[in-house]
Each structure stands twice: as structure tokens, then as C-alpha cells.
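J.: next comes the sequence, and after it the predicted model I'd like to discuss.
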Amino acid sequence: MSKRHELESKLKGETLGRKGLLKKHKNIPQMRLVPDLNVVKIGGHGVIDFGRDVVLPLMEEIGELSRKNKMLVVTGGGVRVRHILDIGIDLGMPTGVLAELAGKISEQNAEIVTLLLSKWGGSKVKTGDLLDLPTMLHLGLLPVIHGTPPYGLYEHPPETGLIPPHRTDTGALLMAEVLGAKSCILVKNVDGLYTEDPRVNPKAKLIEDITVDELITMDMEDMVMERKILYILKDAANVKEIRIVNGHVRGNIEKAINGEKVGTVIRA
């Protein structure tokens, strides 16, 4: 039998799937590339689709906040994503194709937001150039990136149905995690996570603080953010909580950045 050619390393001969090996690396601290970064994800459906009356004041708020805080603005897709998914599902497109199509929409919104933030140094970042962020922030720029994770055709099959499970909320958390960010803030058009959709049931209660395990156990019919984000937060090494705030109310993002009580906190 032929002998394997090896290179000397601590992983020599490992399968990289052995449970004991994985546990051995569990508590090794990861480098935090931008530990004072605030990742602010602007929902397409909850913010951008409302147009100038909502978007322009929000851009001014974010721009002014960026003068004193390091920020990465992440964009969602919104109504156009829902439209392309509807057509794609009707035509029988695979989940990976649907993810590829959806990403093009959130990227269009990143172009728009970058231009609106140009007064404050808004600069569009491609997903492959994320590691340029420390340099951009050092130069005083305000980076903007679309939130769809670049799985594209390699998107994971969903547990149920065809809709890609990793969308722009998930992308924002993944970027916050890899950069070792201070915070991950999801900006929506509601005051936080409710027990039910408050637009359907006005008696729905706001959940101000909850853990991932508690939320998974509740098995809610619908949520204001993507369900996949819970499982990623549960396993995250750097980001230990996400916050959901209403971007239609000025000052909420600043409160979230400062750690003040606002919206909903979901903790790992």
C-alpha cells in the first residue's frame, strides 16, 4: 500500500471531522479584526421600500453616527426579492438559483444606499473585499455592502420549501462574526420581535429580551428576522447578541449602538 505524503502540522493525518479534535479547538480565542465595529443592517422590506420619507432621514442619522462610530451598513432586498422568488419558485428554479437571483436585488439596494451616504464617505464594498474594511475605516470611509451571503448556487437546501435560508439578516450576522464586531443591529419597521405579527394582531406583545434557546423552543409561526440567524448566533464565537430596532423612529440606532434599552435583544 502506498504511503501518504504528509506535511508536519498539528493536524497531520486528521480527518478534520473527529469530535475530539473539534472539541480541542472549541475555546481557542479568535482574532477580532474590527472589535469596535457596529454592523447595521437596513431591511429592504422594512425600510428601503418605504422610499424617501423613511430612507432619507435614516441615511442622515447613520451618516452623522458614522462620524463618531465605526459602522458597516448592510442592505436587504425587499419587495423585489419577494417578486423574483415568486417567479422563480413558480418556474421550478432550484434553491441555489433563487439565492443567486435574490443577491442581485440586495446588491442594487447597496448601490442606492452608497450614493445616499456619499456625503459621509459612503463606499460600496464587494463581498470578496470584506477584509479591506479595516483600511477603509482607517481612511474615514463609511462602507456599504449587500447582505446576501455569497453561497449563490451553493446555497444550503432549506429544511422546508425552496426559499433560501441564508438571506440578508444572516449575512449581516456572518459578517459581524468574522470581523469580530461589537454589535449587530437589524433595522426593521417594527419596534422589535413580537409574539405575533403586530400588524395582524394588535394585541401581540413585544419581546424585549430573550435567549436563542427560548426563542427556538417557542417555535413561532413567523418572525421579523430569518430563522437561520438563531442557529448561527448559537454557535458564534464573537457576536453574543443581536438587536432588532425600528428604523422609522429616529434615535433608535444610536441607542442600540450605545447599549441603551431599545427594541429586542436576542442573546446567545
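T.: Done, it's in.

J.: so for the lengthiest helix in the chain, mean pLDDT?
T.: The longest helix of the chain (DSSP state H) is helix 95-116. Across helix 95-116, pLDDT averages out at 97.

J.: same question for stretch 158-176.
T.: Here the average pLDDT along stretch 158-176 is 96.

J.: for the stretch 51-200 of the chain, which segments count as strands?
T.: 70-75, 122-124, 142-146, 183-188, 193-194 (DSSP state E, counting those that start in this stretch).

J.: in CSV: these, plus mean pLDDT and distance to L58.
T.: C-betas here are computed from N, CA, C, even on glycine. Putting these into CSV (pLDDT from 0 to 100; distance: least, CB to CB, whole Å) gives the following:
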stretch, mean pLDDT, distance to L58
strand 70-75, 98, 10
strand 122-124, 97, 13
strand 142-146, 98, 13
strand 183-188, 98, 8
strand 193-194, 96, 20
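
J.: mind telling me what element K3 is part of?
T.: Per DSSP states H and E, K3 falls between elements, in no helix or strand.

J.: now do it against R32, distance only.
T.: 41 Å (CB to CB, to the nearest Å).

J.: and the two? Which one has more around it.
T.: Ranked by neighbour count (other CB atoms under 10 Å), K3 and R32 place R32 first, with 16 against 5.

J.: count the neighbours of the nearest residue to that one once chain neighbours are set aside for me.
T.: Using CB to CB, 6 or more residues apart in numbering and skipping the chain neighbours, the partner closest in space to R32 is G180 (2.6 Å). Applying other CB under 10 Å, we find 18 residues neighbouring G180.

J.: and if you look at R52?
T.: So R52, with other CB under 10 Å, has 9 neighbours.

J.: where's it relative to K26, distance?
T.: 48 Å.

J.: just list the residues touching the residue nearest to R32, thanks.
T.: The neighbours of G180, taking CB atoms under 8 Å, 6 or more residues apart in numbering as the test, are 30-35, 37, 238.

J.: kindly recompute the last result at 6 Å.
T.: Going by CB atoms under 6 Å, 6 or more residues apart in numbering, G180 touches 32-33, 35, 238.

J.: with E61 instead?
T.: R250.

J.: 10 Å instead, please
T.: 247, 250-254 (CB atoms under 10 Å, 6 or more residues apart in numbering).

J.: repeat that for K205.
T.: Counted by CB under 10 Å, 6+ apart, K205 has contacts 194-196, 198.

J.: reformat the residues you listed as CSV; add neighbour count and distance to T168.
T.: Conversion of the contacts of K205 to CSV gives the following (neighbours: other CB atoms under 10 Å; distance: CB to CB, whole Å):
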residue, neighbour count, distance to T168
Y194, 22, 20
T195, 13, 24
E196, 14, 23
P198, 16, 22
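
J.: most widely separated two among these?
T.: T195 and P198 (9.0 Å; CB to CB).

J.: the residue minimising distance to the centre of the chain - nearest residue in space that isn't next to it in sequence?
T.: Computing the C-alpha centroid of the chain and ranking residues by CA atoms, centre = their mean puts A172 first, at 1.9 Å. Excluding its sequence neighbours, the residue lying closest to A172 (CB to CB, 6+ apart) is K41, at 3.7 Å.

J.: quickly note the distance from the closest residue to R82 other than its chain neighbours to G63.
T.: Spatial nearest neighbour of R82, excluding adjacent residues (CB to CB, 6+ apart): H45 at 7.5 Å. Distance, H45 to G63, using CB to CB: 22 Å.
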